[in-house]
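In: sequence first, predicted coordinates after that:
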Amino acid sequence: MDYKEKRVHGEEGLPVSMYPLTPQSLRYHMNCHWHTEHEIIYVRSGRLELKLGLGDELLTLERGEVAVVQGGTLHSAVPYDCNYICFVLDASRMLRPDDACAEAMYCFDKGKWRIHPRPEKQMPRFAALCEQLYRVLIRREEGYAFLAKGYVLEFFGLLLQYRLYERTVSHSELEEKHAGRMRVVLDFIQQNYNREIELSELARLSNMSPNYFCRYFRRLTGQTPIDYLITYRLESSCYALRTTDLTVTDIAFGCGFNDVSHYVKMFRKMYGMTPKSYRLIQGSDA
């Protein structure tokens with residue numbers, strides 16, 4: 001899950017992407033990010049602490065529990081010996097404009113109706129739907145697209161049936177401004193991580209003083225802006241190591257590191273191995 005993802009999730013006719021995550025997964029720890037699509041998070045084992053928005057809203061999810069992250073919401077998560085699945089979806093693309101469900105989905109998409117992030121009512125049913133969705137997307141047997149669409153639409157139908165949403169939510173003007181500014185900052189990092197980025201640039205984008213921006217950013221993401229940038233560069237380098245034949249040196253410079261030895265040091269610190277070892281392991285798993 002990228003910091004404001006640009007890609008289309010899922011297939012053209014089935015806009016649902018599934019990301020099963022285990023302690024061995026590259027993006028097991030979910031750094032703060034956002035996307036326009038809605039996201040359903042399903043914990044199959046262990047524990048996940050999910051942080052939502054600009055405030056201090058923290059949800060602790062245990063085995064068999066589900067959370068909904070509405071499109072446009074900043075979010076991050078810390079897993080604890082956890083296996084969990086993220087379904088990122090654009091349910092409105094499953095509907096025609098004149099569909100009977102289209103108006104309600106429009107209200108969810110535009111934030112006019114705010115989904116309860118933790119659907120306490122009927123939690124076992126939501127978990128069962130997630131498990132069924134996982135199984136059909138893994139197996140991809142004949143007819144899986146019909147079943148997958150049905151499970152997604154049933155999920156939203158249950159949200160409506162049990163009124164697990166609020167029709168009106170008031171946010172202060174300052175909160176809305178801060179949310180918009182932080183999205184701009186995260187987008188900027190995604191688009192410019194491969195070049196030198198000054199803290200002052202990010203502070204200007206947020207329209208905050210550097211000191212206030214650093215405090216606010218750390219409160220939101222749990223990292224300093226520089227640590228966050230380094231993490232993004234390292235994750236991008238992992239993708240390049242897995243998918244290209246570029247040298248480690250070329251990858252280091254291409255991901256914004258000015259010194260190869262520093263890149264290798266930071267990589268080892270984060271992943272417990274060198275980039276070359278990581279590439280060998282990934283190749284052996286292919």
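Out: Structure's in. What do you need?
In: shouldn't Met105 be in contact with Leu95?
Out: Yes: using C-beta atoms under 8 Å, Met105 is in contact with Leu95, at 6.1 Å. No exception for glycine: its C-beta is placed from N, CA and C like everyone else's.
In: between these two, tell me which one has more neighbours.
Out: Between Met105 and Leu95, Met105 has the larger neighbour count (other C-beta atoms under 10 Å), namely 21 against 17.
In: which elements pack onto whatever helix or strand the more buried one lives in?
Out: Met105 belongs to helix 102-109 when assigned by DSSP states H and E. Other helices and strands packing on helix 102-109, by 3 or more C-beta pairs under 8 Å, 6 or more residues apart in numbering; DSSP states H and E, are helix 144-161.
In: so which elements touch the helix it packs on?
Out: By 3+ C-beta pairs under 8 Å, 6+ apart, helix 144-161 packs against helix 102-109, helix 123-139.
In: closest to Met266 out of these?
Out: Nearest to Met266 among those is helix 123-139; the distance by C-beta to C-beta comes to 34.1 Å.
In: and the closest one, what's buried?
Out: In terms of neighbour count (16 or more other C-beta atoms under 10 Å), helix 123-139 has its buried residues at Phe126, Ala127, Leu129, Cys130, Leu133, Tyr134, Val136, Leu137.
In: stretch 260-268 now?
Out: Quick answer for stretch 260-268 (16+ other C-beta under 10 Å): Val260, Tyr263, Val264, Met266, Phe267.
In: can I get the residues you listed in CSV with distance to Thr243?
Out: CSV is the format used below for the buried residues of stretch 260-268 (distance: C-beta to C-beta, whole Å):
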residue, distance to Thr243
Val260, 20
Tyr263, 18
Val264, 19
Met266, 20
Phe267, 16
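In: so where do the helices sit in the stretch 151-286 of the chain?
Out: Assigned helices in the stretch 151-286 of the chain, in chain order: 173-192, 199-206, 210-221, 225-243, 248-254, 260-271, 275-285 (criterion: DSSP state H, counting those that start in this stretch).
In: stretch 62-80: end-to-end distance?
Out: Criterion C-alpha to C-alpha, to the nearest Å; first-to-last residue distance in stretch 62-80 is 10 Å.
In: quick one: that stretch to chain centroid distance?
Out: Once both centres are worked out by C-alpha atoms, centre = their mean, to the nearest Å, stretch 62-80 turns out to sit 9 Å from its chain's centre.
In: which outside residues touch the helix or strand bottoming out on mean pLDDT in the chain?
Out: Sorted by mean pLDDT, DSSP states H and E, the helices and strands of the chain end with helix 275-285, the least confident at a mean of 79. With C-beta atoms under 8 Å, 6 or more residues apart in numbering as the test, helix 275-285 has contacts from Ser237, Cys238, Leu241, Arg242, Val248, Ile251, Ala252, Tyr263, Val264, Phe267, Tyr271, Met273.
In: need the CA coordinates for that helix. CSV is fine.
Out: Taking C-alpha atoms only, helix 275-285 is exported to CSV below (Å, rounded to 0.1, in the frame of the first residue of the first chain):
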residue,chain,number,x,y,z
PRO,A,275,20.6,-5.6,-0.3
LYS,A,276,22.5,-8.4,-2.1
SER,A,277,21.4,-11.0,0.5
TYR,A,278,17.8,-9.8,0.2
ARG,A,279,18.0,-10.1,-3.6
LEU,A,280,19.4,-13.7,-3.3
ILE,A,281,16.6,-14.7,-0.9
GLN,A,282,13.9,-13.2,-3.0
GLY,A,283,15.3,-15.0,-6.1
SER,A,284,15.4,-18.3,-4.3
ASP,A,285,11.7,-17.9,-3.3
